[in-house]
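Participant: Could you work out the structure for the sequence below:
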Amino acid sequence: MSFAAWALVALPAAAGLAGLTLRRRGPAVWLAVAGPAAALGCALVAAFGDAAVSYTLADFGSVRVEAALELSGTAVAVAVASALVSLLVQVYSVAYLRGDERYAPFAAQVNLFCAAMLLVVAADDLIFLLIGWEVMGACSYLLIAHYAKLPAAPGAAAKAFLVTRFGDVGFVLGVMVLGVSAGTFRIGELGEVPEGAATAAMLLILFGCVGKSAQFPLQVWLPPAMAGPTPVSALIHAATMVAAGAYVLTRLLPVWPPDLLVVVAVAAAATMVGAGLSAYAATDVKGVLAWSTVSQVGFMFAAVAVASADTALFHLLSHAAFKALLFLTAGVLIAQAATDGSLRTTRIRPSASPLAFWAMTIGLASMIGVPPLGGFYSKETVLGAAYESGTTAGVIVFWAGVVASVLTAAYAGRLWLLLFWRGGAAETATVSRPEASALWVLGAGTIGVGGLYFAGPLHVPELHLDLMTLLLVALLVGLYLVGDSWWRDRARDPSRLLGRARAFIASGFAADAAATAAARSGARAASAAARLLDEQLVDRTVVEGSARAALATARRTEAGHRGGLVRYLRLSVAGTLVVAVIAIGVNLWS
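Facilitator: Numbers count the residues shown, from 1 in each chain. Alright, predicted model coming up:
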């Protein structure tokens, strides 16, 4: 079991590093598939027993830093999901990037990304986890910028890197405060932490998790990241990258001060509803899916806000299945329609691509919570946990979750109608075997992931008939809003219901523009402060002041040399007397 724990991270990392040295496509393909396949095998082996290993990296006396891994039951489930999604993304990419000259470095970066995700999942030491956290961010930058010639890609990659790094400043500081206050960085050994230190540490860590998971107010980086290849979108959205913040918070729940969870609830509520509205107004396929990810991760944060870790992980696993399916299917549909992904031009008849049609239908149905798909059970348990919590945070996320469920049904229904029911190419489009195999596996996973509720590995609230009814009513309300608009005028987009605010909402409520303006204002203010400091302190005080002092000293010295013989004799006698007095005094004192 200890070997499986180390190999889980080491094998995809080794495949990624080796892949960086390759240029030929053939060997790169084999390494691309072998890395996550080996990791998946190790995760399945670890499922037969808890695996925990550690090695001391540094010992500072009172605090130690260890290379520690622990694969509990929930960690194994997340590791299996992450490795499986990474494997399917690699298989899909073999066909999707068949003519790409930079396939080899792309595949290597995906493997390094996979290794970093699995390190975040399995690490039992906060410093060790931080390594995976940062490597994951660096790899996401490289993958988003893969299409370097695409005008939007470099800027999107830079924005993703800078925004997540901005959040990571808080995350690193929070880890340091928590580790020093608790006397250990081992997650499994975190015990009593002083209330003040716990509050400061968890607020800082929450800030980093909000940035990594694209939650309010740091959600601005995720929609532009769709400039990367579709497999990258699936990897970032479906596996642990975007959900990493929620996952880390679930592991640190024992340290959270209970009164502080209302902060998580407010962020989750704003994200669920705001991102749901933006998804409804989005103008391209991947934009709808991107905003839907932001909203669905908000459900995971909602579960954290009511201290229900297993419920958050259940929705994480459910989301990984249906979101990977949706993104990979979107890539197939956009390629078949030969468009840029705009909802105005991307349309295809269901009969022209039955596999893509049913894959998209199943994915959207799970996301909106159609029973018995996995999304229905995971969403119901989130609402159930909020309902049973009896806290202010629970009330906030419960009603926000209900509204978000209505919005989810509305934007999913709108996407389905605009893609498949406005005409389009009637010719049958073929799906390559690698792409088809990925869609089949993810489709089966989307249908079957709900079985986790009945299998019993996760401790989640029991199903409530009234909550199930409420969820289904919310679903029907959302579908009715879109369906009624569609029935009245199929020539117009159902998002016209938003009126003149549609463009403003589609932009994410202008959050990107506001963040850009704030960053520019901050940069100008910092630049002005640096210039003032340089001109006033360095130039005038240090440089010019020292020059003036040197000139003044030189003038006085020069004036002293013009005194004449009598003045020199007086100074010499006075100096001799002073030296004599000092010498006599020292002699008497000794």
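
Participant: What count of nearby residues applies to Arg570?
Facilitator: Neighbours of Arg570 under the rule other Cβ atoms under 10 Å: 11. For glycine as for every other residue, the C-beta is placed from the backbone atoms N, C-alpha and C.

Participant: Ignore what I typed, I meant Ala7.
Facilitator: Neighbours of Ala7 under the rule other Cβ under 10 Å: 18.

Participant: And it, how far from Gln109?
Facilitator: Taking Cβ to Cβ, to the nearest Å as the measure, Ala7 falls 20 Å from Gln109.

Participant: And for Val294?
Facilitator: 24 Å.

Participant: Ala157 now?
Facilitator: Look at Ala157 and Gln109: by Cβ to Cβ, they are 12 Å apart.

Participant: Which neighbours do these two have in common?
Facilitator: Common neighbours of Ala157 and Gln109 (criterion: Cβ atoms under 8 Å, 6 or more residues apart in numbering): Leu142.

Participant: What about the residue nearest to Asp100 when sequence neighbours are not counted, how many residues nearby?
Facilitator: Leaving aside its chain neighbours, Asp100 sits nearest to Phe106 (6.9 Å; criterion: Cβ to Cβ, 6 or more residues apart in numbering). Close neighbours of Phe106, defined as other Cβ under 10 Å, add up to 21.

Participant: Just the mean pLDDT for whatever helix or strand Phe106 lives in, thanks.
Facilitator: Phe106 belongs to helix 103-122 when assigned by DSSP states H and E. For helix 103-122, mean pLDDT rounds to 92.

Participant: right, and the helix or strand after it?
Facilitator: helix 126-144.

Participant: same for that next one, what does it pack against?
Facilitator: In terms of contacts (3 or more Cβ pairs under 8 Å, 6 or more residues apart in numbering; DSSP states H and E), helix 126-144 is packed against strand 64-71, helix 103-122, helix 152-182, helix 230-238, helix 240-251.

Participant: by contact count, what packs against whichever helix or strand comes after the shortest one?
Facilitator: When you say that, I think you mean strand 64-71. Next helix or strand after strand 64-71 toward the C-terminus (DSSP H and E): helix 73-96. On a contact count with 3+ Cβ pairs under 8 Å, 6+ apart, helix 73-96 meets helix 2-19, helix 25-46, helix 103-122, helix 230-238, helix 240-251, helix 309-337, helix 433-448.

Participant: can you redo those helices as CSV with distance to Tyr92?
Facilitator: Compiled in CSV, the helices and strands packed on helix 73-96 are given as follows (distance: least, Cβ to Cβ, whole Å):
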stretch, distance to Tyr92
helix 2-19, 17
helix 25-46, 11
helix 103-122, 11
helix 230-238, 6
helix 240-251, 17
helix 309-337, 5
helix 433-448, 4
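
Participant: just these: most buried one?
Facilitator: Of the helices and strands packed on helix 73-96, the one with the most neighbours on average (mean count of other Cβ atoms under 10 Å) is helix 230-238, at a mean of 29.

Participant: what does stretch 60-67 contact?
Facilitator: 54-59, 124-125, 127-128, 179-180, 183-186.

Participant: try it again with 10 Å
Facilitator: 6, 9, 53-59, 119, 123-128, 131, 179-180, 182-186 (Cβ atoms under 10 Å, 6 or more residues apart in numbering).

Participant: give me every residue that touches the closest residue to Pro494 other than its chain neighbours.
Facilitator: Leaving aside its chain neighbours, Pro494 sits nearest to Ser485 (4.1 Å; criterion: Cβ to Cβ, 6+ apart). Ser485 makes contact with Ala410, Gly413, Arg414, Leu417, Arg492, Asp493, Pro494, Ser495, Arg496, Leu497 under the criterion Cβ under 10 Å, 6+ apart.

Participant: From Gly478, how far off is the closest residue in space to the fifth one that isn't next to it in sequence?
Facilitator: Put plainly, it is Arg492. Take Arg492 and drop its neighbours on the chain: the residue closest to it by Cβ to Cβ, 6+ apart is Ser485, 7.8 Å away. Noted for Ser485: a distance of 12 Å to Gly478, by Cβ to Cβ.

Participant: Name the residues contacting each of these two.
Facilitator: Listed as contacting both Ser485 and Gly478 by Cβ under 10 Å, 6+ apart are Ala410, Gly413, Arg414.

Participant: Just want the most central residue of the protein.
Facilitator: Centroid-nearest residue in the chain: Lys212, 2.8 Å away (criterion: Cα atoms, centre = their mean).

Participant: Let me know whether that one touches Gly167 as I believe.
Facilitator: Yes: Lys212 is in contact with Gly167 according to Cβ atoms under 10 Å; the separation is 6.3 Å.

Participant: Which of the contacts of Ser485 are buried? Put it as a ChimeraX command.
Facilitator: The buried residues among the contacts of Ser485 can be selected in ChimeraX (16 or more other Cβ atoms under 10 Å) with this line:
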select :410,413,414,417,493,494,495,497
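
Participant: pLDDT added to the contacts of Ser485, as TSV?
Facilitator: What follows is the contacts of Ser485, written out as TSV (pLDDT from 0 to 100):
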residue	pLDDT
Ala410	93
Gly413	92
Arg414	91
Leu417	90
Arg492	72
Asp493	76
Pro494	80
Ser495	76
Arg496	76
Leu497	75
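
Participant: and the contacts of Ser485, which of them are in helices?
Facilitator: Counting by DSSP state H, the part of the contacts of Ser485 found in helices is Ala410, Gly413, Arg414, Leu417.

Participant: Nearest spatial neighbour of the second one, chain-adjacent residues omitted?
Facilitator: If I follow you right, that is Gly413. Once flanking residues are discounted, Gly413 sits nearest to Val482: 4.0 Å by Cβ to Cβ, 6+ apart.

Participant: Would you mind measuring from the one you found to Ala338?
Facilitator: From Val482 across to Ala338, the span is 26 Å (Cβ to Cβ).

Participant: Who has more neighbours out of these two?
Facilitator: Comparing Val482 with Ala338 by other Cβ under 10 Å, the one with more neighbours is Val482, at 23 against 10.

Participant: Hmm, Thr408 and that one touching each other?
Facilitator: No: the pair Val482 / Thr408 is not scored as a contact, 11.3 Å apart, by Cβ under 10 Å.

Participant: Need the overlap of contacts for these two.
Facilitator: Residues touching both Val482 and Thr408 by Cβ under 10 Å, 6+ apart: Tyr280.

Participant: Leu328 reaches Pro231, doesn't it?
Facilitator: Yes: Leu328 lies in contact with Pro231 (Cβ under 10 Å); the separation is 7.2 Å.

Participant: and the gap between Val80 and Pro457?
Facilitator: For Val80, the distance to Pro457 (Cβ to Cβ) stands at 11 Å.

Participant: Please identify the helix or strand for Gly208.
Facilitator: Secondary structure assignment for Gly208, by DSSP H and E: helix 195-212.

Participant: try Leu57
Facilitator: Per DSSP H and E: strand 51-59 holds Leu57.

Participant: tell me the angle of that strand relative to helix 126-144?
Facilitator: Inter-element angle recorded for strand 51-59 and helix 126-144: 100 degrees (by axes from the mean of the first three to the mean of the last three Cα atoms, to 10 degrees).

Participant: strands paired with strand 51-59, and their directions?
Facilitator: strand 64-71 (antiparallel) (DSSP bridges).

Participant: buried residues in the strand it pairs with?
Facilitator: The neighbour-count check on strand 64-71 (16+ other Cβ under 10 Å) flags Arg64, Val65, Glu66, Ala67, Ala68, Leu69, Glu70, Leu71 as buried.

Participant: Just the CA trace of the helix or strand hosting Arg520, in PDB.
Facilitator: Here Arg520 sits within helix 511-532, counting by DSSP H and E. The C-alpha coordinates for helix 511-532 follow below in PDB (Å, rounded to 0.1, in the frame of the first residue of the first chain):
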ATOM      1  CA  ALA A 511     -16.400  41.800 -12.900                       C
ATOM      2  CA  ASP A 512     -13.600  41.300 -15.400                       C
ATOM      3  CA  ALA A 513     -13.600  45.000 -16.300                       C
ATOM      4  CA  ALA A 514     -13.800  46.000 -12.700                       C
ATOM      5  CA  ALA A 515     -10.900  43.700 -11.800                       C
ATOM      6  CA  THR A 516      -8.900  45.000 -14.700                       C
ATOM      7  CA  ALA A 517      -9.600  48.600 -13.700                       C
ATOM      8  CA  ALA A 518      -8.700  47.900 -10.100                       C
ATOM      9  CA  ALA A 519      -5.400  46.200 -11.100                       C
ATOM     10  CA  ARG A 520      -4.500  49.200 -13.400                       C
ATOM     11  CA  SER A 521      -5.300  51.700 -10.600                       C
ATOM     12  CA  GLY A 522      -3.300  49.700  -8.100                       C
ATOM     13  CA  ALA A 523      -0.400  49.500 -10.500                       C
ATOM     14  CA  ARG A 524      -0.500  53.200 -11.200                       C
ATOM     15  CA  ALA A 525      -0.700  54.000  -7.500                       C
ATOM     16  CA  ALA A 526       2.200  51.600  -6.700                       C
ATOM     17  CA  SER A 527       4.200  53.200  -9.600                       C
ATOM     18  CA  ALA A 528       3.500  56.700  -8.300                       C
ATOM     19  CA  ALA A 529       4.500  55.700  -4.800                       C
ATOM     20  CA  ALA A 530       7.700  54.100  -6.000                       C
ATOM     21  CA  ARG A 531       8.500  57.200  -8.000                       C
ATOM     22  CA  LEU A 532       7.800  59.500  -5.100                       C
END
